[in-house]
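A.B. asks: Just a sequence and a predicted model for now, questions to come.
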Amino acid sequence: MQPEPADAVAALVSEYGIAGRRIREMIATLAAGPTTLDDLVRAHAAPRRTAEALLRAAGADLRTEGGTVLLDPSVVPVYRDRFALAALPGVPAVPGMAALIANAPKADRALDHVSATAGTAERRAQWLASTYDLAGARLVCVGDHDLTSLAVAKACPDAKITVVDVDERLLAYIDAQGAGIACYHADLRFGLPPAVAGSGDVIFTDPPYTPEGVQLFLGRGAQALRDRANGRLVMAYGFSPLTPALGLKVQRAVLDLDLVIEAMLPAFNRYHGAQAVGSASDLYVCRPTASTWQVLDRRLNALAGSANIYTHGEQSLEADTPKPDAAKGPARILGGGPVKADELTVDLTGDPGPWLARVLLALNVAKVALLVPNNHPDLRDEQSQAALRALVGGKYELRLLRSTPGPRQATVEATLRPDDGVAGWLLTHVHGKIGNVLRDALIRADPALSRAAAQARAAELIGRDDFLDARLIDLPRHAILSLLRS
């Protein structure tokens, strides 16, 4: 039995994923009045095969008049409602971005962040929402110091949004806005959170402007794609017209992932700073090809142990630190599963800030000695040290030795505590799915609790369905602390 024409058209729109908006725009043209196949192709820059597929799907709902075709007026209301045609021409409003950006944590120069303007965040959201079908789709922001996620949440409230970033302050700020954005912590050099992998329909990133940084962020973005056929990777990148050779190196890094550059919008993004590139960057739209998945892991593995991906600061390409051996410690611990050992020494002298806490979360080793910079953010004052103990104190007793073994270094000695109830169980099972780990912890604490009741209680404590299958180690610190306190 043949499907109804409107059902067949809906199936075609669904087949195109986030790119189904172009199909809906062609439907709107057919609903507006007579047109020709040639005009349909030309007006919407659609391949002829795509336009022909739409006409075949609409079938009996079309009328022909001479050499033209249109939707039968009797079905136009049905199509207008089903495919939300009335909403197509509008550009969504993005109110309040200037205030959100003004109140956000300042850009971290150690992480090579230069803030985009509020107008840029608005323009990104409007372009994404008017180019792709974001309602019900998932946008993954691979790094989001410009708050593109919040702008898209305002422009398209029906979009699902995930942010992956290394900056704890930024993740806490985004989460505090109550926009329902799923925030995950990750240093992309060590991998992508499993809960994010294969989840996205469109990826947005404004990466470090080095070949290594661009390839790493785009590569992790590709790993985050769910729809390998229709998914898009949208990237901000700019180079000075005085250094075209650098632009060539970066574009080669993109092509080395076997991504095709589908479009490039010149000077789309503007920044507070970055004057070396004219305080502007272009917007690249990339698509994976079948061979992307054959080269992706190999390219990313080559970058996984490299700490120097930035254009400025201690982790820039030109910097002397960290030494290669310093990068291997966190790479082998944070880039894989649990490490088995009785005692361990870990070199974190290249830690820009987040590695220490994440390594302590990742390890279940009886005795650990960690070498970190003496000015490490988690050690620099009593408040910072108390925050570190609040995070991992349910698992490790910490001894913090400043200026040891030298004036530029500190040593953190961690001794594993005995099992400490629910919180201790969570902290020693950070690589498991939180919903399952917390359920088991609750049953251990109260054996009379049924599995179903414990599962329901765990979901209530976690408070977010999208975190149930996530790992504790991938949550932002504020979310981990909230769960431990609950």
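C.D. replies: Right, received. Where do you want to start? Numbering: from 1, shown residues only.

A.B. asks: From D297, how far off is S291?
C.D. replies: 13 Å (CB to CB, to the nearest Å). Just so you know, the C-beta spots here come from the backbone N, C-alpha and C atoms, and that holds for glycine as well.

A.B. asks: I462 now?
C.D. replies: With the distance defined as CB to CB, I462 ends up 31 Å from D297.

A.B. asks: Can you pick out the residue with more neighbours from these two?
C.D. replies: I462 (20 against 12; other CB atoms under 10 Å).

A.B. asks: which residues touch that one?
C.D. replies: By CB atoms under 8 Å, 6 or more residues apart in numbering, the contact list for I462 reads 434-435, 438, 468, 483.

A.B. asks: So which of the residues you listed belong to strands?
C.D. replies: Using DSSP state E, no member of those sits in strands.

A.B. asks: which of those residues tops the neighbour count?
C.D. replies: Top of these by neighbour count (other CB under 10 Å): I434, with 28 neighbours.

A.B. asks: looking at it, it is touching L472, isn't it?
C.D. replies: Yes: in this structure, I434 is within contact of L472 by CB atoms under 8 Å, at 5.4 Å.

A.B. asks: tell me, what's touching these two both at once?
C.D. replies: 426, 483.

A.B. asks: looking at this, S281 is in a helix?
C.D. replies: No: assignment of S281 by DSSP: H, G, I helix; E, B strand; the rest coil gives strand, placing it outside any helix.

A.B. asks: What spatial separation is found between it and R270?
C.D. replies: Applying CB to CB, the value for S281 to R270 is 8 Å.

A.B. asks: More neighbours: which of the two?
C.D. replies: S281 (24 against 17).

A.B. asks: picking that back up, now render the contacts of I462 as JSON lines, adding distance to Q177.
C.D. replies: Shown next, in JSON lines, are the contacts of I462 (distance: CB to CB, whole Å):
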{"residue": "I434", "distance to Q177": "22"}
{"residue": "G435", "distance to Q177": "25"}
{"residue": "L438", "distance to Q177": "26"}
{"residue": "L468", "distance to Q177": "22"}
{"residue": "L483", "distance to Q177": "20"}
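
A.B. asks: what's the closest of those residues to L12?
C.D. replies: L12 lies nearest to L468 out of those, by CB to CB, at 33.5 Å.

A.B. asks: which residues does the closest residue to that closest one other than its chain neighbours contact?
C.D. replies: Of all residues not flanking L468 in the chain, G435 sits nearest, at 3.6 Å (CB to CB, 6 or more residues apart in numbering). By CB under 8 Å, 6+ apart, G435 lies in contact with 455, 458-459, 462, 467-469.

A.B. asks: swap the cut-off to 10 Å and go again
C.D. replies: 455, 458-459, 461-462, 465, 467-470 (CB atoms under 10 Å, 6 or more residues apart in numbering).

A.B. asks: just A453 next, same as before
C.D. replies: 439, 442-443, 446.

A.B. asks: which of these are buried?
C.D. replies: Among those, those classed as buried by 16 or more other CB atoms under 10 Å are 439, 442-443.

A.B. asks: before we move on, what SS does A263 have?
C.D. replies: strand.

A.B. asks: typed the wrong thing, it's L344
C.D. replies: Going by three-state DSSP: L344 is strand.

A.B. asks: From what I see, A98 and A118 are in contact.
C.D. replies: Yes: applying CB atoms under 10 Å, one finds A98 in contact with A118, separated by 4.1 Å.

A.B. asks: for the stretch 201-350 of the chain, what spans make up the strands?
C.D. replies: Using DSSP state E, counting those that start in this stretch, the strands assigned to the stretch 201-350 of the chain run over residues 202-205, 232-237, 259-270, 280-288, 343-347.

A.B. asks: Just send the ones you listed back as a markdown table, with mean pLDDT too.
C.D. replies: Output for those, formatted as a markdown table (pLDDT from 0 to 100):
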| stretch | mean pLDDT |
| --- | --- |
| strand 202-205 | 98 |
| strand 232-237 | 98 |
| strand 259-270 | 97 |
| strand 280-288 | 98 |
| strand 343-347 | 94 |
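
A.B. asks: Ok, which of those strands comes nearest T35?
C.D. replies: Across these, closest to T35 is strand 259-270 (CB to CB), at 24.9 Å.

A.B. asks: which one of A98 and A118 has more residues nearby?
C.D. replies: Neighbour count, other CB under 10 Å: between A98 and A118, A118 has more, with 21 against 13.

A.B. asks: Now that that one has come up, it's in contact with T148, right?
C.D. replies: No: the pair A118 / T148 is not scored as a contact, 11.3 Å apart, by CB under 10 Å.

A.B. asks: any residues in contact with both of those two?
C.D. replies: Shared contacts of A118 and T148, counting by CB under 10 Å, 6+ apart, come down to M97.

A.B. asks: pLDDT-wise, which helix or strand of this structure ranks last?
C.D. replies: helix 324-334 (a mean of 67; mean pLDDT, DSSP states H and E).

A.B. asks: chain center to stretch 349-363, what's the gap?
C.D. replies: Relative to the mean C-alpha coordinate of its chain, stretch 349-363 is positioned 21 Å out (CA atoms, centre = their mean, to the nearest Å).

A.B. asks: so where's the stretch 51-200 of the chain uncertain?
C.D. replies: 108-112 (pLDDT under 70).

A.B. asks: Which stretches in it count as strands?
C.D. replies: In the stretch 51-200 of the chain, the segments counted as strands under DSSP E, counting those that start in this stretch are 62-65, 68-71, 138-142, 160-165, 182-185.

A.B. asks: can you put those strands in JSON lines and add mean neighbour count and distance to V214?
C.D. replies: Output for those, formatted as JSON lines (neighbours: other CB atoms under 10 Å; distance: least, CB to CB, whole Å):
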{"stretch": "strand 62-65", "mean neighbour count": "12", "distance to V214": "45"}
{"stretch": "strand 68-71", "mean neighbour count": "18", "distance to V214": "44"}
{"stretch": "strand 138-142", "mean neighbour count": "28", "distance to V214": "11"}
{"stretch": "strand 160-165", "mean neighbour count": "24", "distance to V214": "16"}
{"stretch": "strand 182-185", "mean neighbour count": "24", "distance to V214": "21"}
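
A.B. asks: how about those strands in CSV, adding distance to P244?
C.D. replies: Formatted as CSV, those follow (distance: least, CB to CB, whole Å):
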stretch, distance to P244
strand 62-65, 50
strand 68-71, 47
strand 138-142, 26
strand 160-165, 31
strand 182-185, 36
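
A.B. asks: T210 is nearest to which of these?
C.D. replies: strand 138-142 (15.3 Å).

A.B. asks: Strand partners (parallel or antiparallel) of that closest one?
C.D. replies: strand 160-165 (parallel), strand 202-205 (parallel) (DSSP bridges).

A.B. asks: Would you mark the buried spots in the shortest one?
C.D. replies: Looking back up the chat, that one is strand 202-205. In strand 202-205, counting by 16+ other CB under 10 Å, buried: 202-205.

A.B. asks: And for stretch 333-345?
C.D. replies: Here stretch 333-345 shows 333-335, 344 as buried, counting by 16+ other CB under 10 Å.

A.B. asks: how close does the residue lying farthest from the centre of the chain get to Q215?
C.D. replies: Distance from the C-alpha centroid of the chain peaks at G66, with 50.5 Å (CA atoms, centre = their mean). G66 sits 53 Å away from Q215, going by CB to CB.

A.B. asks: closest to A182 among the contacts of I462?
C.D. replies: L468 (11.3 Å).
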